[in-house]
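Peer 1: Just need the structure, nothing else, for what follows:
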Amino acid sequence: MSRTFVLTLYRLLLPIALVIGFPGFIVKGIRRGGLARGFAQRFGKFSDGDLPAGNARPLWIHAVSVGEVMLAQKLIAELQTRRELADTPLLLSTTTTTGYRVARENLPETVSIIHNPLDLGWIVRSVVQRIQPQALILIEAEIWPNLVTHLKSKGVPIFLINARLSPRSEKRYQKAKALIAPIFRLIDHATVPFSTDPERWASLGIPSDRIHCLGSIKFDAPRQEQQDTADLRGWLERTGGKTDEAWVIGGSTHAGEERLIADAVRDIADGSPARALIIPRHAERAPSIISELTAAGYQVHQRSNDTSHGDAHAPAVWLCDTTGELQRAYQLGTVAIIGKSFRAKGGQNPIEPLRAGCPIILGPHMQNFLEIVADLRQHKAVMQLSEEEDSDYAESLTRAIENLLTDPDFSATMLTNADQSLAQHLGATARNADFVIERLTAKSEST
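Peer 2: A predicted model of the protein is given here:
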């Protein structure tokens, strides 16, 4: 299908979609704040100070929302260390108001931050004319057809950095490949996190010689520095939990998972005793968690107010309902169980406990981290339970915990394998920064 046809269809349908979505945009803007500022910038109306000053052409970096903004922050920090870009202004645009707020809170004042303008032709032309970017860097996925087409016509290189393609997105893109491919072919340079990614992106239209596997910026981090765990240890010891015992950490749990983990730890065979320390994703759920566990016959030690609930002779569970202590808990842990992967879907970050040196058990629902989980599984660095194995997970989770507790060599091998899996991402931020600078330098020298 020709790009002209695709763009014509897009330009006909986009205004209709914007009109239909306008009421929702207004409601979200009122709820989240910043409606007036965001509204003007969406139409390319900027105040003094919104855009980089001076005549130097900026690097325009686009990040959709919070997750992409955090990746952009790492890349920006790396780019700002390079002498080649010492005089180059940086501009970040973001689609969501929450992404904008996070950018404002975390990025240095030297970076200009704006709401992404609507992808309407007349707005795009006006904004590009005013910004005069020397390149557009898209973080992970979002590609606006009118914007990239106009920049391409101006000879502005377009980068897709840390390109992420979930199975769900890939399936959707494949169905609309005839419409997607002509736009994806406009990408000049793309970097991807995993060795399986280039073929997938190439099948959607980006020429394979433009795709480079450089590791994941998201997972570019060394082993976590050890944090001071004295206060957490003191609470555990004071409430009857010896910190030299085996501890099973339920990290970022969701409704129903606290009971599952407590039961699994309770049912561990004699000779392999362990304690359960649970850190819910949402601390405000503490009252309902306590009610559920005490009704099930547990004593619950609550961190936030240093009180205990339930029968003093019942099996004990420790509930850490305070913020900022998850990483400390992982440092004390013998085994970590990743929340939102059993009773909810999506999963929580599996890298944090591994960086802290704690082997992990996953439920089947890790949709938000499919690529990294697949790689960890390939390296035999995690244990992941399946619905087919045990639809309730109770018995299989107990067995998995027992396996890790009774076989320290197995646990150590899993962590070694995890280090090997994650090693491919170390330095990914610097490699991506080098990639951008090398391509910009080559373009400058050729013109």
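Peer 1: which stretches of the stretch 201-350 of the chain form strands?
Peer 2: Counting by DSSP state E, counting those that start in this stretch, the stretch 201-350 of the chain has strands at residues 211-213, 247-253, 275-280, 299-302, 307-309, 316-319, 335-338.
Peer 1: Distance to residue 367, mean neighbour count and mean pLDDT for these - can I get that in CSV?
Peer 2: For the C-beta atoms, the positions are set from N, CA and C on the backbone; glycine is no exception. CSV is the format used below for these (distance: least, Cβ to Cβ, whole Å; neighbours: other Cβ atoms under 10 Å; pLDDT from 0 to 100):
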stretch, distance to residue 367, mean neighbour count, mean pLDDT
strand 211-213, 23, 17, 97
strand 247-253, 15, 26, 96
strand 275-280, 20, 24, 96
strand 299-302, 30, 22, 97
strand 307-309, 34, 14, 95
strand 316-319, 27, 25, 96
strand 335-338, 13, 27, 98
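Peer 1: I'd like to know which elements the helix ranked longest in the chain is packed against.
Peer 2: As assigned by DSSP state H, the longest helix anywhere in the chain is helix 3-32. If you count contacts as 3 or more Cβ pairs under 8 Å, 6 or more residues apart in numbering; DSSP states H and E, helix 3-32 packs onto helix 35-42, helix 97-106, helix 145-153, helix 177-184.
Peer 1: do that again at 10 Å, thanks
Peer 2: Counting contacts by 3 or more Cβ pairs under 10 Å, 6 or more residues apart in numbering; DSSP states H and E, helix 3-32 packs against helix 35-42, helix 97-106, helix 121-131, helix 145-153, helix 177-184.
Peer 1: I'd like the average pLDDT over the helix or strand following the first one.
Peer 2: Read that as helix 35-42. Next helix or strand after helix 35-42 toward the C-terminus (DSSP states H and E): strand 59-63. For strand 59-63, mean pLDDT rounds to 97.
Peer 1: Strand 59-63: which residues count as buried?
Peer 2: Across strand 59-63, burial judged by 16 or more other Cβ atoms under 10 Å covers 59-63.
Peer 1: Quickly name whichever of those is closest to residue 240.
Peer 2: Minimum distance to residue 240 across the buried residues of strand 59-63 is 46.7 Å, recorded for residue 63 (Cβ to Cβ).
Peer 1: Name whatever forms a beta bridge with the closest one.
Peer 2: Beta-bridge pairing for residue 63 (DSSP bridges): residue 94.
Peer 1: From here on, call the first residue 642.
Peer 2: In the new numbering, first residue 642, that becomes residue 704.
Peer 1: What residues does it make contact with?
Peer 2: 710-714, 716-717, 733-737, 740-741, 743-744, 754, 757, 778-781, 783, 802 (Cβ atoms under 10 Å, 6 or more residues apart in numbering).
Peer 1: Can you flag the buried ones in the residues you listed?
Peer 2: Buried members of the contacts of residue 704, counted by 16+ other Cβ under 10 Å: 710-714, 716-717, 733-737, 740-741, 743-744, 754, 757, 778-781, 802.
Peer 1: Tell me which residues of stretch 962-979 come out buried.
Peer 2: Using 16+ other Cβ under 10 Å as the test for burial, stretch 962-979 gives 962-963, 966-979.
Peer 1: Residue 849 contacts residue 840, doesn't it?
Peer 2: Yes: at 7.7 Å, residue 849 and residue 840 qualify as touching, with contact defined as Cβ atoms under 10 Å.
Peer 1: Now, the buried residues of stretch 962-979 that are in helices?
Peer 2: Within the buried residues of stretch 962-979, residues falling in helices by DSSP H are 967-973.
Peer 1: mind putting these in a markdown table, distance to residue 944 included?
Peer 2: Listed next are those as a markdown table, based on distance: Cβ to Cβ, whole Å:
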| residue | distance to residue 944 |
| --- | --- |
| 967 | 12 |
| 968 | 15 |
| 969 | 11 |
| 970 | 10 |
| 971 | 15 |
| 972 | 16 |
| 973 | 13 |
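Peer 1: Closest to residue 1025 out of the residues you listed?
Peer 2: Each of these was scored against residue 1025 by Cβ to Cβ, and residue 971 proved nearest at 18.1 Å.
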